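*Asks:* Any chance you can model this:
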Amino acid sequence: MRYPHPCRVTMFEAVFRRRLDALGLTISGSLATSELRNTFRQETIIRQWAVSKEFSGMSPEERDERLMTIAYLEPVAAHVLASGDCIFDVSRLGAELMEMELPTMAARDLKLPRTHTFFLFGQEPCLQVDSQTGLFIEGAYVSRSDEGDGGIDIILVGNDPTFAGNDDQTTGEFLRGVSRYAYFTVPGHKPVASGPFQIANDHDGSLFADRNVVASAVALALQAVQYLHHSLADVTIGYDQAAPRWLVAKAKARDFDSQLDLDWQGYPSMMILGADRRIGRIFQKAEINESSQLVF
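*Replies:* Reported below is the predicted structural model:
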């Protein structure tokens, strides 16, 4: 999948600044060509109109709330991109993982693969939120909770059906698309399999058209964590198949600039689960249970 959520989040500031520069030119041009006398009131009206248009009619409250969401998600997204092994593409194994039983251990005892991890689900059918718009739950950021009793924080994020990787979107459209999220906490003392989990007040209601979809996404994130500890887990580092091969070759040779270029083009390096279908067939036959197969 091109432009997974971490790429879009880290792109937002640069695109936002370019759009602001263009907005300033729009305002100056409107004032210069206006037949009305240039007054402070006229300038204020034109400026408010331009800002409202750029933010797709968002209220100031919605705009500020979504910008705060970006401010929170950006350092997490930057971390998973910079590390090179913190994005896990589970799209090849979604159906198989959904059939796994969640472990009965307490959440505090479930070992997470990285400090911050992003699990990319892809366009999993059971995670579709709105078939008309193409909205689905794209993935989840998973980390150990900083507060409480060692629980697990899960931030589900939606895709952006209108994102094209360029400046054609208004700032408001981009902002809405990248700030669709729902924040959950799995309390440390509770069994991972107990559910339903606690949802924080912070969330975008557009992801909650179907609570079963949200529950499935949370479960898939935890099942992906469980899979990584399976003795037959198939995990290989790689890139989206559409990534430019010459850039991939340079990035694999540890050329940092090439990796940054791939990130900007929407092709970050990822840990791909289930790339070897031979291992996958063996895995499907294996009995998966935490007592005999999983090591935490």
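
*Asks:* what bridges to I237?
*Replies:* Applying DSSP bridges to I237 gives these bridge partners: M271.

*Asks:* how many neighbours does A106 have?
*Replies:* 18 (other Cβ atoms under 10 Å). No exception for glycine: its C-beta is placed from N, CA and C like everyone else's.

*Asks:* Contacts only, for it.
*Replies:* 188-192 (Cβ atoms under 8 Å, 6 or more residues apart in numbering).

*Asks:* Which of the residues you listed ranks first by neighbour count?
*Replies:* For the contacts of A106, the largest number of neighbours (other Cβ under 10 Å) sits with V192, at 23 neighbours.

*Asks:* State which strand of this structure is the longest.
*Replies:* Counting by DSSP state E, the longest strand found in the chain is strand 135-144.

*Asks:* Number of residues surrounding V157?
*Replies:* V157: 28 surrounding residues under other Cβ under 10 Å.

*Asks:* Then it would be within a helix, right?
*Replies:* No. Counting by DSSP: H, G, I helix; E, B strand; the rest coil, V157 is not part of a helix but strand.

*Asks:* where's it relative to T10, distance?
*Replies:* Per Cβ to Cβ, to the nearest Å, V157 is found 13 Å from T10.

*Asks:* what bits of the chain have low per-residue confidence?
*Replies:* 23-51, 166-167, 195-205, 209, 276-296 (pLDDT under 70).

*Asks:* residue ranges for the helices of the stretch 1-150 of the chain, please.
*Replies:* Taking DSSP state H, counting those that start in this stretch to define them, one finds helices in the stretch 1-150 of the chain at 5-33, 40-54, 60-83, 94-98.

*Asks:* typo on my end, the stretch 151-296 of the chain
*Replies:* 171-178, 211-227, 245-252, 256-264, 277-285.

*Asks:* which residues are contacting the longest one?
*Replies:* Spelled out, that is helix 211-227. Outside helix 211-227, the residues touching it (Cβ under 8 Å, 6+ apart) are 88, 90, 93-94, 97-98, 100, 102-103, 110, 112-113, 117, 119, 121, 124, 126-129, 137, 140, 142, 152, 154, 156, 182, 184, 186, 192, 195-197, 207-208, 233, 273, 290, 294.

*Asks:* same question, stretch 90-97
*Replies:* Taking Cβ under 8 Å, 6+ apart as the rule, stretch 90-97 contacts 1, 119-124, 126, 220, 223-224, 227, 272-275, 280, 283-284.

*Asks:* Can I get the buried part of the residues you listed as one ChimeraX selection?
*Replies:* Listed next is the ChimeraX selection for buried residues among the contacts of stretch 90-97, using 16 or more other Cβ atoms under 10 Å:
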select :1,119,120,121,122,124,126,220,223,224,227,272,273,274,275,280,283
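
*Asks:* Mind putting the helices of the stretch 151-296 of the chain into CSV with distance to A14?
*Replies:* Output for the helices of the stretch 151-296 of the chain, formatted as CSV (distance: least, Cβ to Cβ, whole Å):
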stretch, distance to A14
helix 171-178, 11
helix 211-227, 29
helix 245-252, 19
helix 256-264, 9
helix 277-285, 38
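
*Asks:* Y239: which of these is closest?
*Replies:* helix 245-252 (5.2 Å; Cβ to Cβ).

*Asks:* what angle sits between the closest one and helix 256-264?
*Replies:* With axes from the mean of the first three to the mean of the last three Cα atoms, to 10 degrees defining the directions, helix 245-252 sits at 120 degrees from helix 256-264.
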